[in-house]
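*Asks:* need a 3D model of the following:
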Amino acid sequence: MASVLILGAGYAGLRTAKLLAKHSPQLTVTVVNKNAYHYESTQLHEVAVGTREPADITFSLRQALPKNVDLIIDEVVKVDREKQQVELAHHEPLSYDYLVNSLGFESETFGIPGAEENGLPLIDIPTALAAREHLEKTLAHFNESHDPNDLRIIVCGAGFTSIEYLGDLVYHLPALINQYHLPADQIKIDCIEAMPKVLPMFSQDLADYAVHYLESHGVTFHTSTPITAINPGVVESKESSFKANTIIWTTGVKGSHVIADSGYDQKRNRVVVQNNLSVKDHPNEFVIGDVSAVPDPDTGRMYPTTGQIAIAQADVAARNIRALVAGRSLTDFKFHSLGTVCSLGPTNGVAEIFMMGHWKLKGHVVGPIKKLVNDRSVLELSDIKTMLESN
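*Replies:* A predicted model of the protein is given here:
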């Protein structure tokens, strides 16, 4: 039997494993993942703020995967593409006939000095918990230090994760103020963004709504303000300095460093794949999810790396592996977005939906929609029981 090795059990890898196990009994499927659990990366900001616990956004891989899928908990070190082997940190190398490389993302610092040392990224459960612990300890410390910077919070970046973090933060702040007996009028939140626009993936009216909502809850935006350095307690720009003892780093992400370490032709650890999601000159290898760069045939620009796209890629990758085994022609990847939903806390947000027309939504109606999106993701990756338990 031919062997399929899947690296990473995020949205793309987990979905591919489930599809291959269900529809391809002639294949042996093995998944390698760093953790024994899958986490919903689109909800990390909630753990970082404290509105949800890790158990709320994670589930067991062993329980979610079909019994005929092997699961190895280990870190991928390198892919030897000529030998068709994958080196692991704690196991012997694994050989494969077909490879699905769906390793996840890492924080992108863009080479800004001090960003890695002094910023708090949100890329997995440990970093989200570290950001939450830092925020709570720093706020609580104000009663002892009386340092105004303990009550100042800076969010670096104004993209999707940044805005969702800010939304949950302003929602949760009253509880933190009450818990630590803080002076509400002294809390200061700044969002610093190099580009002139916040939430560029949304139409201007929806982006404006999100900005105005957050501004009305105490957030100050500094757009067209590129960050030049992060020092302890200070974010530097060309003309300004911003002080805060909590600095959240959500300016962007890149693919896993394993991509560059393995000699792929890449940019920011993302591989430009062919239309069928395979790698040029390696037809048995598919790169999907956060480590792939997929051109939109209509615009020529790369699709963004989102959970929705990762799941759609998994469907095509699984179909094409089955086609290779059966000697059939492969399917090209074509993506039709269902829309985008950005939460502003659990009860507010903005959304553009492309189902039965083009819907622009804002306000409290978006809260339930965001929940439906999260539930659908869990259902596609696991089962109804897991979905219900996550609520």
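*Asks:* okay, CA-based contacts and neighbour counts for the rest of this
*Replies:* OK.
*Asks:* tally of neighbours for the closest residue to Gly345 other than its chain neighbours?
*Replies:* Counting by C-alpha to C-alpha, 6 or more residues apart in numbering, Gly345 lies nearest to Asp168, which is 4.0 Å off, once chain neighbours are set aside. Applying other C-alpha atoms under 10 Å, we find 23 residues neighbouring Asp168.
*Asks:* also Thr251?
*Replies:* Using other C-alpha under 10 Å: Thr251 sits among 22 other residues.
*Asks:* show me which residues of the helix or strand hosting the residue nearest to Gly345 are buried.
*Replies:* Element membership of Asp168, judged by DSSP states H and E, is helix 160-180. By neighbour count on 16 or more other C-alpha atoms under 10 Å, the buried set for helix 160-180 is 160-173, 176.
*Asks:* Gln313: which of these is nearest?
*Replies:* Gln313 lies nearest to Phe160 out of those, by C-alpha to C-alpha, at 21.0 Å.
*Asks:* how much space between the closest one and Thr251?
*Replies:* 10 Å (C-alpha to C-alpha, to the nearest Å).
*Asks:* near Leu27, how many other residues are there?
*Replies:* 20.
*Asks:* Leu20 against Ala318, yeah?
*Replies:* Yes: using C-alpha atoms under 8 Å, Leu20 makes contact with Ala318 at a distance of 5.9 Å.
*Asks:* report the helix or strand with the lowest average pLDDT across the chain.
*Replies:* helix 384-389 (a mean of 44; mean pLDDT, DSSP states H and E).
*Asks:* all helices for this protein, in order.
*Replies:* Using DSSP state H, the helices found in the chain span residues 11-23, 44-49, 61-64, 115-118, 125-145, 160-180, 204-216, 257-261, 307-326, 366-381, 384-389.
*Asks:* mind putting the ones you listed in JSON lines, distance to Ser102 included?
*Replies:* Listed next are these as JSON lines, based on distance: least, C-alpha to C-alpha, whole Å:
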{"stretch": "helix 11-23", "distance to Ser102": "5"}
{"stretch": "helix 44-49", "distance to Ser102": "19"}
{"stretch": "helix 61-64", "distance to Ser102": "15"}
{"stretch": "helix 115-118", "distance to Ser102": "24"}
{"stretch": "helix 125-145", "distance to Ser102": "18"}
{"stretch": "helix 160-180", "distance to Ser102": "21"}
{"stretch": "helix 204-216", "distance to Ser102": "31"}
{"stretch": "helix 257-261", "distance to Ser102": "10"}
{"stretch": "helix 307-326", "distance to Ser102": "9"}
{"stretch": "helix 366-381", "distance to Ser102": "14"}
{"stretch": "helix 384-389", "distance to Ser102": "22"}
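*Asks:* quick one: least confident of the buried residues of helix 160-180?
*Replies:* pLDDT across those is lowest for Phe160, at 92.
*Asks:* tell me how far the closest residue to that one other than its chain neighbours lies from Ile154.
*Replies:* Leaving aside its sequence neighbours, Phe160 sits nearest to Leu199 (C-alpha to C-alpha, 6+ apart; 6.3 Å). When distance is defined by C-alpha to C-alpha, Leu199 is 17 Å away from Ile154.
*Asks:* where are the low-confidence patches of the stretch 51-200 of the chain?
*Replies:* Low-confidence segments of the stretch 51-200 of the chain, defined by pLDDT under 70, are absent.
*Asks:* how close does Trp270 sit to Val69?
*Replies:* I think there's a mix-up here, since residue 270 is Arg and not Trp. 27 Å.
*Asks:* neighbour count winner among the two?
*Replies:* Arg270 (24 against 19).
*Asks:* what residues does the nearest residue in space to that one that is not next to it in sequence make contact with?
*Replies:* If the residues on either side of it in the chain are set aside, Arg270 comes closest to Val291, at 4.4 Å by C-alpha to C-alpha, 6+ apart. Neighbouring residues of Val291 by C-alpha atoms under 8 Å, 6 or more residues apart in numbering: 101-105, 254-256, 259, 269-271.
*Asks:* ok, 10 Å please
*Replies:* 101-105, 254-259, 266-273, 305 (C-alpha atoms under 10 Å, 6 or more residues apart in numbering).
*Asks:* of those, which belong to strands?
*Replies:* Using DSSP state E, the subset of the contacts of Val291 located in strands is 101, 105, 254-255, 266-267, 270-272.
*Asks:* list only buried entries from these.
*Replies:* Neighbour-count burial (16+ other C-alpha under 10 Å) is assigned, among the ones in strands among the contacts of Val291, to 101, 105, 254-255, 266, 270-272.
*Asks:* can I get the residues you listed in CSV including distance to Asp150?
*Replies:* Output for these, formatted as CSV (distance: C-alpha to C-alpha, whole Å):
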residue, distance to Asp150
Asn101, 42
Phe105, 30
Lys254, 30
Gly255, 33
Gln266, 41
Arg270, 38
Val271, 41
Val272, 43
